[in-house]
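# Structure, please.
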Amino acid sequence: MLDFVERTKYEGNPLIGYNYEAHIKGKATVPPFSTLLIGSDLCLMVNRPEAIEELFITKGKYYDKHPASLHIIGVVAGDSILFARSDMQWQQKRKVISSALYKDRLRGMAETIKKVTLTTIKEDWLKRKDSNGIITLDIGRESANLNMKIVLSCFFGQDFDQIPLVDQVFDGIKTKLPLGEAVHKAFEMANEREFQAHLILFTELQQYYLTQYDRELRENCGAMRNYIQGMIAERRKTAMVDNNDLLSILLKDAAFESDLAIVDECMTFFLAGTVTTATSVSNTLCYLVQQKRLEDKLRDSLGKNFPTFSNKHQTIDELGKEMTLESLELIADDYLKLCFNEALRIDPPVHFSSTGMLTEDVEICGFKIKNGEMMLQNIHQLHHNVDQWGPTHDQYIPERFDPEHASEYPKRHPMSFIPFSGGKRVCIGKTFAEVSYKIIVPMILKAFNQGGRLGEFENKDFYQNLPMNNATQPKRPVLNLILKI
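So this is what the prediction gives:
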């Protein structure tokens, strides 16, 4: 790795080469690779779409998973296919899990998403008025919990009016958290754990949970895994394994030979299944509040596609009836889809991919990368390269994805936008995430509408500078919206 650093002559810190100011704001282009210190391990950051194209497509047969991600996130997700090498067993398990997302099943899931969203808005959010009739929601937190209920209902056959609570402990204080928050918090803690001094100095201690922070992380993950184990036991007890949901599919397939393997995949699905939609929904709503032009344009577009949306005499329930998988497909390239893509671009749910590596010495973009060297797809950088996205890369502009506005923006490489990764390991839940988003956002905008406005920020500084809101940051922001009805 140090040989690589010397060859690249990168101008930043040779050990901690990823420098946000230099990469994002200082240069029109960035090098294909830079380096990042993860704990005590040096990792290659893949910054350019040309390099991604080689890794995913032209030389994709040499690109696979590096075991380091399992060391980092394994305490949360276990030994799931997310971290497995691309062998025959991985292919079989991926095929089984993908079957839960076939179109005929997505049709039923769309109805479930509507039901859960309607119930959450009507029976929870709208009943949170204070003494002055004001509803204030931390939209990041609420979006995470809403999406966890959706995932539990769609993939695990659970029908919750309230999201389940799990025991958690932080700084020695025991509490209960909604499952959605608990999963996200565990993911944040697992990422932050790597930067403890003893793990940076002694990587062999990774497998040991020595500090209070470590032990609490492991205990919290254990509580969530016990909850899933309880779901499995209940399903076996009632012999309800003939449903078409993911849990039934896993229970019946020989590829998942143990309950532990099923728990691992369920934890991964909880995490991956909620992160993308939760962050894209909450970030979109914040940008709509920040920019009236965007909200006006989206409301106008939704009104044209769904007549009940703009009719103030028709209810959110009637809008739900109008929104089907087929009707959503008819507006596949409308403004709602542009908003979805731009939310995923400007602040991707996961800024860096899980770790990968090449299985042979291979030349990528003119650099010889050695077998086994750890690599990360620098998704945030790819989504902000100035030569790909222009000087407005740090602004939320859905029109940049509209073919009719293509001449206003730089011509970009297809691999400059990879919120769902790509190649043979592209995210299998990307369609589910998009369908969820396209149902949730219109329903929220229908429910909260006073003079064409969703609401306002409690923190007025957000009108000028919205904080980052993604799954990989150590501490998520409080995104309080004062909603209007």
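# Could you pull up the contacting residues of residue 83?
Contacts here follow C-beta atoms under 8 Å, 6 or more residues apart in numbering; on that basis residue 83 touches 65, 67, 69-70, 73-74, 77, 354. Using the backbone N, CA and C atoms, a C-beta is placed for each residue, glycine as well.
# For it, report the pLDDT, please.
We note a pLDDT of 86 for residue 83 in this prediction.
# Going by secondary structure, the closest residue in space to it that isn't next to it in sequence is in what exactly?
The shortest distance from residue 83 to any non-neighbouring residue, by C-beta to C-beta, 6 or more residues apart in numbering, is to residue 70 (4.3 Å). Residue 70 is part of helix 68-77, with elements assigned from DSSP states H and E.
# Mind listing residues that contact that helix?
Taking C-beta under 8 Å, 6+ apart as the rule, helix 68-77 contacts 38, 41, 43, 79, 82-83, 183, 186-187, 190-191, 193-194, 206-207, 217-218, 221, 264, 267-268, 271, 354-355, 374.
# Which ones among those lie within helices?
Secondary structure assignment by DSSP state H places 183, 186-187, 190-191, 193, 217-218, 221, 264, 267-268, 271 of these in helices.
# from those, which is closest to residue 58?
When the ones in helices among the contacts of helix 68-77 are ranked by distance to residue 58 (C-beta to C-beta), residue 268 comes first, at 28.7 Å.
# Can you verify my assumption that that closest one contacts residue 84?
No: checked against C-beta atoms under 8 Å, the pair residue 268 and residue 84 is beyond contact range at 10.6 Å.
# Out of the contacts of helix 68-77, which end up buried?
The neighbour-count test (16 or more other C-beta atoms under 10 Å) applied to those identifies 38, 41, 43, 82-83, 183, 186-187, 190-191, 193-194, 206, 217-218, 221, 264, 267-268, 271, 354-355, 374 as buried.
# re the thing from before, got a winner among the contacts of residue 83 for most neighbours?
Within these, neighbour counts (other C-beta atoms under 10 Å) peak at residue 77, which reaches 29 neighbours.
# Can you report how many residues neighbour residue 444?
Applying other C-beta under 10 Å, we find 28 other residues in the vicinity of residue 444.
# Tabulate the CA atom coordinates of the strand or helix carrying it in CSV.
The secondary structure element spanning residue 444 is helix 430-447 (assigned by DSSP H and E). Listed in CSV are the C-alpha atoms of helix 430-447, where the atom choice follows Å, rounded to 0.1, in the frame of the first residue of the first chain:
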residue,chain,number,x,y,z
LYS,A,430,-33.2,-0.9,-5.2
THR,A,431,-36.7,-1.2,-6.7
PHE,A,432,-38.3,-1.7,-3.3
ALA,A,433,-36.6,1.4,-2.0
GLU,A,434,-37.8,3.4,-4.9
VAL,A,435,-41.4,2.1,-4.7
SER,A,436,-41.4,2.9,-0.9
TYR,A,437,-40.2,6.4,-1.5
LYS,A,438,-42.7,7.1,-4.3
ILE,A,439,-45.5,6.1,-1.9
ILE,A,440,-44.3,7.7,1.3
VAL,A,441,-43.4,11.2,0.0
PRO,A,442,-46.7,12.0,-1.8
MET,A,443,-48.7,10.7,1.2
ILE,A,444,-46.8,13.0,3.6
LEU,A,445,-47.2,16.0,1.3
LYS,A,446,-51.0,15.2,1.0
ALA,A,447,-51.4,14.9,4.8
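# Not counting its own residues, what contacts the helix or strand just after that helix?
Proceeding C-terminally, helix 430-447 gives way to strand 455-457 as the next helix or strand, assigned by DSSP H and E. For strand 455-457, the surrounding residues in contact (C-beta under 8 Å, 6+ apart) are 286, 289-290, 448, 463, 480-484.
# Just list the residues touching residue 125, thanks.
The neighbourhood of residue 125, defined by C-beta under 8 Å, 6+ apart, consists of 135, 137, 142, 447, 483.
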